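Peer 1: Next come a sequence and a model predicted from it.
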Amino acid sequence: MLRKVIDTGVMAGGYTLIACAILVTLDVFLRKLFGVVIPDADLVSTYGFAVATSWAFSQVVIDRANVRLDLLAARLPRPVTATLDVLAILSLAVLAAFMLERGWSVLRESWIQGARSNTPMQIPQVIPQGLWVVGLAVLNVTIVVVLVHSLSRLRRRDWQGVIDEIGIPSLSEEVRDASEYPAAPMARVTGEQSR
């Protein structure tokens, strides 16, 4: 269920980015050729980018696609690597919770004040900010789910299970995932991955 919500949000975000790229490209051509400006094209594309990014964060967590330095990870004992992975996801949880709290604060303030963009279209700020905050909320839920699974495995001393859940993907995993995509990311979430 969580993966379906994330996939839907990410797909919508991807289509939003494509639409924003078309809008900005059209704005540039119309401005250059005819001196016509599309109102708020840059602002709408900024909103689209922020919303799409907030939703993509969850997919990055589930797919273990975030950039990490694995220079030492391969050389450390599995218990140490697993413990460091859990500390990393805990740190990410703290950052995500802070982002959500700040985002909610901004959204609430915009709602109370009835804030609108200071542009010709007068876009109500609660629309893009609300979509952005929902993306951040999904990120927090995703991290909690992954963290609970990881802590459960850590408690059972299933070091490899922790590494498989939140650790740095091995080269063979990356090759396998690239050849099986999009089935591979779904297997991670549902626990159908062979160990």
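Peer 2: Received, thanks. Residues are numbered from 1 along each chain as shown.

Peer 1: going forward, measure contacts between C-alpha atoms and count neighbours the same way
Peer 2: Fine.

Peer 1: Quick check, central residue of the chain?
Peer 2: Among the residues of the chain, the one closest to the centroid is F57, at 1.0 Å (CA atoms, centre = their mean).

Peer 1: What ranges does the protein have for its helices?
Peer 2: Per DSSP state H, the chain carries helices over the ranges 2-34, 41-63, 78-113, 126-155, 159-166, 171-180, 183-190.

Peer 1: I'd like the ones you listed written out as a markdown table, with mean pLDDT and distance to D70 added.
Peer 2: A markdown table is the format used below for these (pLDDT from 0 to 100; distance: least, CA to CA, whole Å):
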| stretch | mean pLDDT | distance to D70 |
| --- | --- | --- |
| helix 2-34 | 92 | 26 |
| helix 41-63 | 91 | 16 |
| helix 78-113 | 92 | 10 |
| helix 126-155 | 93 | 19 |
| helix 159-166 | 82 | 12 |
| helix 171-180 | 70 | 11 |
| helix 183-190 | 49 | 20 |
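
Peer 1: so which of the ones you listed gets nearest L71?
Peer 2: With CA to CA as the criterion, L71 lies closest to helix 78-113 of these, at 11.7 Å.

Peer 1: which helices and strands does that closest one pack with?
Peer 2: If you count contacts as 3 or more CA pairs under 8 Å, 6 or more residues apart in numbering; DSSP states H and E, helix 78-113 packs onto helix 126-155, helix 159-166.

Peer 1: circling back: what's the distance between the residue nearest to the centre of the chain and R31?
Peer 2: For F57, the distance to R31 equals 34 Å [CA to CA, to the nearest Å].

Peer 1: likewise Q160?
Peer 2: Distance of Q160 to R31, given as CA to CA: 57 Å.
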